[in-house]
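Asker: Whatever this is, show me its structure:
(chains A, B, C and D)
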2 protein chains.
Amino acid sequence: MATLAPIKVDMRTCSEVFSSPVGEPDRTPRHSISEVAAASGLTAHTLRWYERIGLLDPVDRSASGRRSYCDADLHRLAFLGRLRLTGMTVADMLKYVELARLGEQTFEDRRDLLLAHREEVRQRIADLHATLAVLDYKIDLYAGKIADRGGPADLPQTPQRKQTA
Amino acid sequence: MATLAPIKVDMRTCSEVFSSPVGEPDRTPRHSISEVAAASGLTAHTLRWYERIGLLDPVDRSASGRRSYCDADLHRLAFLGRLRLTGMTVADMLKYVELARLGEQTFEDRRDLLLAHREEVRQRIADLHATLAVLDYKIDLYAGKIADRGGPADLPQTPQRKQTA
DNA sequence: GGCTTGCTTCGAGTGCACTCCAACTCGCTA
DNA sequence: TAGCGAGTTGGAGTGCACTCGAAGCAAGCC
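Answerer: Numbering: from 1, shown residues only, chains lettered A, B, ... in the order given. So this is what the prediction gives:
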């Protein structure tokens, strides 16, 4: 039998929360800066810096003044990390976060910001695929040591391709 | 009828050569720095800087000392541009170029370098796709103005997803 | 001849995103 | 009580990839 008032068992570890930020996030402060650093791949330095510039809301502190991150912080960090990883500038992330702080009335603006970023991401994927084709071609060329033997000891040619930009 | 000694008609414009660098490149110096800048999207400053640090071989000069780029330069520039666009550092591009200068004996090394870069490109594509899913989810959320109404005016949640790293 | 445009050089400056430093505090263990 | 390790701060420093400025030269045009 469960106790009458079942204690929440879903206290997932810091990196669990970070790598799978689903559901309504808990707001209990419980992760040290070094735990969050380990989970997120950011350094403690960078975490403090994010907070200083306003990417994170002021983090809860322990009695002795140490930062204690809650799951909601991890959720935000996980999303910001995705944006950074995909090339959004810190300035734009800040814009997004500041809109989020203003509440519901900024849904439109936030959506627009994400739409714009999505387009950039799509464009980048296209660029990467195009380059992948060039790399494949050249790698094959080297693998067979073909074609430019005896030719100029220079960079070989790229394959025929459509102009994408 | 064609003439007996047909004059080469394939003198393509600078941006044509740059955007479709196929075939054995001509080595006749014939493009001004501003033409190359316009075709490549790099500034004249950056082109000179590329040459200074060794990414480009010393470019031919006119009688009055001005740079005159040949098609082979454009080919190299086009490839280097692809590498840059896909996140290769200038230092690594330099490594590649220096290997290329050493001739056939560096085929292996060059291939390895490109293989490593190809893996990075593939990884980046995967990251971008994962983020695309998150963006789609959030954009839908905003579009419907659903779910976090009345909840914390904070960054909403990300969808369930497999850990990719 | 005078003007504009485009080029030359070198070295210094810029913007971004961290990254580190020095000096300090706190809680804990021996 | 001393030492350790992990945390705190503001401000300064770093590395990358450009980016620009200043001063000057050369060609082409009116």
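
Asker: Show me what counts as buried in the lowest-mean-pLDDT helix or strand in chain A.
Answerer: Within chain A, no helix or strand scores below helix A:14-19, which has a mean of 88 by mean pLDDT, DSSP states H and E. Neighbour counts using 16 or more other Cβ atoms under 10 Å in any protein chain shown place A:14, A:15, A:17, A:18, A:19 of helix A:14-19 among the buried residues. Placement of C-beta: from N, CA and C, glycine included.

Asker: Likewise for stretch A:107-126?
Answerer: By neighbour count on 16+ other Cβ under 10 Å, the buried set for stretch A:107-126 is A:107, A:109, A:110, A:111, A:113, A:114, A:117, A:118, A:121, A:124, A:125.

Asker: close to chain B, is it?
Answerer: Yes. Remark: stretch A:107-126 sits within contact range of chain B at A:107, A:108, A:110, A:111, A:114, A:115, A:117, A:118, A:121, A:122, A:124, A:125, by Cβ under 8 Å from any Cβ of the partner chain.

Asker: With pLDDT and distance to DNA strand D added, can I get those residues in a markdown table?
Answerer: A markdown table is the format used below for the residues of stretch A:107-126 next to chain B (pLDDT from 0 to 100; distance: Cβ to the nearest atom of the strand, whole Å):
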| residue | pLDDT | distance to DNA strand D |
| --- | --- | --- |
| A:107 | 92 | 32 |
| A:108 | 91 | 31 |
| A:110 | 94 | 28 |
| A:111 | 94 | 30 |
| A:114 | 95 | 26 |
| A:115 | 94 | 26 |
| A:117 | 95 | 20 |
| A:118 | 96 | 24 |
| A:121 | 95 | 20 |
| A:122 | 95 | 22 |
| A:124 | 94 | 16 |
| A:125 | 95 | 21 |
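
Asker: Out of those residues, list just those in strands.
Answerer: If you go by DSSP state E, the residues of stretch A:107-126 next to chain B have nothing in strands.

Asker: circling back to that earlier point, for the least confident helix or strand of chain A, name the packing helices and strands.
Answerer: Packing partners of helix A:14-19 (3 or more Cβ pairs under 8 Å, 6 or more residues apart in numbering or on different chains; DSSP states H and E): helix A:33-40, helix A:71-85.
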